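Q: Need a 3D model of the sequence below.
(one chain, ligands or ions: 1)
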Amino acid sequence: MKNRRSFASDNNAPVHEDILQAINEVNLVDVIAYGDDIYTSDAERKFRHYFESDVEVFFVFNGTAANVLSISHLTNSYHSIITAKTSHLNNDECGAPENFSGCKLLTVDSPNGKITTEQIEHFLNSRGFEHHSQPKVISISQPTELGTLYHPDEILKLAKFANLNDLYLHVDGARISNAVAALNISLAEMLTYTGVDVVSFGGTKNGMMYGEAVVFINKAHANDFKYLRKQSMQLASKMRYISAQFNALLKNNLWIENARQANKMAQYLAQNLKNLPEILITQEVETNAVFAKVPKRIINPLREKYFFYLWNEEQNEVRWMTHFNTTKDDVDGFIAKLKSVL
Ligand SMILES: Cc1ncc(COP(=O)(O)O)c(C=O)c1O
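A: Numbers count the residues shown, from 1 in each chain. As a prediction, the model looks like this:
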C-alpha cells in the first residue's frame, strides 16, 4: 500500500487546517476584487510588521513568478543575473527568467548551494564592455536548494558588495520560514537590516494551498511593479483567497511553527540515518531537506512505498524532504522501510 507520506517535497504536503479555515471565512462575503479589500491590507500590514519596515508587498500565484518578476522588474534585457549553478532560477524554471527578463544568467559553482562575493567579483570585468551583458542582480536562495543556510553576516557581505557595485540583491525565499526558524533570528535581522532589496517570500511549501509574495524591502524599487504583475498574468482577481492564507500563516506564529516542525523532522531523519553505514549524508542538514548517497539497489524498492526524487542519478544521490505535517511516526515508518530494503 502506498504511504500517506512521500518524503519527496514540501510541495507534496497538504494544506494546514488554519489556512483552509481562513479561506472558508473569507468565502462568506463579497469583497472588491484585485486586492482592494481588508484581507489584503491586513496581510500587507503583517508583512510590514515582520520585516520591521515599510515594505511593498505583491501577491502572486507561484514561486517561479515571484522570482522571475522580481528580477525582471530590476533589469533590462541587456543585463545579467548572477546566481548559483544549483539555483531554482537556473535549473527549474524552464528558462522563464531568461524568457521574461531577456537577461543572461551568469552561474557560479556552489557545491553547498551558496555563493560568495569572491566568486562574483570577476563578472564585474564586463562592466562597460558593450559586447558583454551587464551584471545587475545577484540572486541567492535562503535556504538554498541544498537545504543549507546563509548566515546573516554572509547576506550582509553580499548586500554590501551589491550596493557598492550597483547591483541588486534578490533572495529566493520559497522556504524563507524554514531559514528563520532554523537560525532563530527575526526576518528583519536576516533580510531588512542586512540590506536585501527584494525577496520572494514563500507560502506554498509551508502550509498554504498556493500563493507567494514579492516583497520590496527597498520600496523605491517597487515603482510600477503592479503593471508588470498584471501584464505577466499574476494579478489574482479574487486576491482575498491568497491574502487570507497569508493572514493565517502570519498569525500566531504559524509560519514559524510549521517551519520548525519541518526542520525538526529533517533533523530526526538525519539522526536515524547516521546509524546506517551505507547511507552517506552529503549536505549539512540545516532546514527541511536531507541529501544522501544511497546504494542504487534500494532506490526503487524504497520509492515504491515512499516516493522521492533522485537528485543526482550518476551519484545515486537522493533528496528527502520533510514538511509541517511530517510526524515522528512518519519518519520511523520511513526508516523501518529503508532498513528492510538495505
Ligand atoms: C528554491 C525554490 N524557489 C522557487 C520555487 C518555485 O516554486 P513554484 O513551483 O511555485 O513556481 C521552488 C519550488 O520548488 C523552489 O524550491
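Q: Just want the phi and psi numbers for Leu180.
A: Rather than Leu, residue 180 is Val. Backbone torsions for Val180, taken as degrees, to the nearest 10, come to phi -60, psi -40.
Q: and it, how many residues sit next to it?
A: Using other Cβ atoms under 10 Å, Val180 has 23 neighbouring residues. Where you see a C-beta, it was placed from the backbone N, CA and C, and this is true even at glycine.
Q: Just read off the phi/psi values of the closest residue to it other than its chain neighbours.
A: Distance criterion Cβ to Cβ, 6 or more residues apart in numbering; nearest residue to Val180, sequence neighbours excluded, is Leu187 at 5.5 Å. Here is the backbone geometry of Leu187 (degrees, to the nearest 10): phi -60, psi -40.
Q: Ser243 versus Leu187, what's the distance?
A: Per Cβ to Cβ, to the nearest Å, Leu187 is found 18 Å from Ser243.
Q: Looking at those two, which one has more neighbours?
A: The residue with more neighbours, out of Leu187 and Ser243, is Ser243; 28 against 23, by other Cβ under 10 Å.
Q: Check whether that one sits in a helix, strand or coil.
A: Following DSSP: H, G, I helix; E, B strand; the rest coil, we place Ser243 in the helix state.
Q: what's in contact with the longest helix belonging to the chain?
A: Criterion DSSP state H: the longest helix present in the chain is helix 254-273. With contacts defined as Cβ atoms under 8 Å, 6 or more residues apart in numbering, helix 254-273 is touched by 10, 16, 18, 147, 175, 177-178, 180-182, 206-207, 248-249, 279, 281, 285, 287-290, 292, 320-328, 330-331, 334-335.
Q: Can you tell me the closest non-neighbouring residue to the residue of the stretch 151-300 of the chain found nearest the ligand?
A: In the stretch 151-300 of the chain, the residue that lies nearest the ligand is Ala174 (3.4 Å; Cβ to the nearest ligand atom). Leaving aside its sequence neighbours, Ala174 sits nearest to Gly202 (Cβ to Cβ, 6+ apart; 3.9 Å).
Q: one step back: now do the contacts for the residue nearest to Val180.
A: Leu187 makes contacts with Tyr50, Phe51, Glu52, Ile176, Val180, as judged by Cβ under 8 Å, 6+ apart.
Q: right, and the third one touches Leu191 too?
A: Meaning Glu52. No: look at Glu52 against Leu191 with Cβ atoms under 8 Å: they stay out of range, at 9.8 Å.
Q: just to revisit the earlier point, identify the farthest-apart pair in the contacts of Leu187.
A: The distance between the two most remote of the contacts of Leu187 (Cβ to Cβ) is 14.9 Å, for Glu52 and Ile176.
Q: Which of these two has more residues huddled nearby?
A: Set side by side, Glu52 and Ile176 show more neighbours around Ile176, with 27 against 15, by other Cβ under 10 Å.
Q: So the more buried one versus Ala289, what's the distance?
A: For Ile176, the distance to Ala289 equals 14 Å [Cβ to Cβ].
Q: mind giving me the domain split of the protein?
A: As given by automatic domain parsing, the domain ranges for the chain are 17-249, 254-341.
Q: so how far does the shortest one reach from one end to the other?
A: Across its full length, domain 254-341 reaches 37 Å between end residues, using Cα to Cα, to the nearest Å.
Q: Mind telling me which residue of the stretch 1-150 of the chain is nearest the ligand?
A: Closest point on the stretch 1-150 of the chain to the ligand, by Cβ to the nearest ligand atom, is Gly63, at 2.6 Å.
Q: Pull the number of nearby residues for Thr117.
A: If you count neighbours by other Cβ under 10 Å, Thr117 ends up with 16.
Q: interface residues of the stretch 201-342 of the chain facing the ligand?
A: Counting by Cβ under 6 Å from any ligand atom, the residues of the stretch 201-342 of the chain close to the ligand are Thr204.
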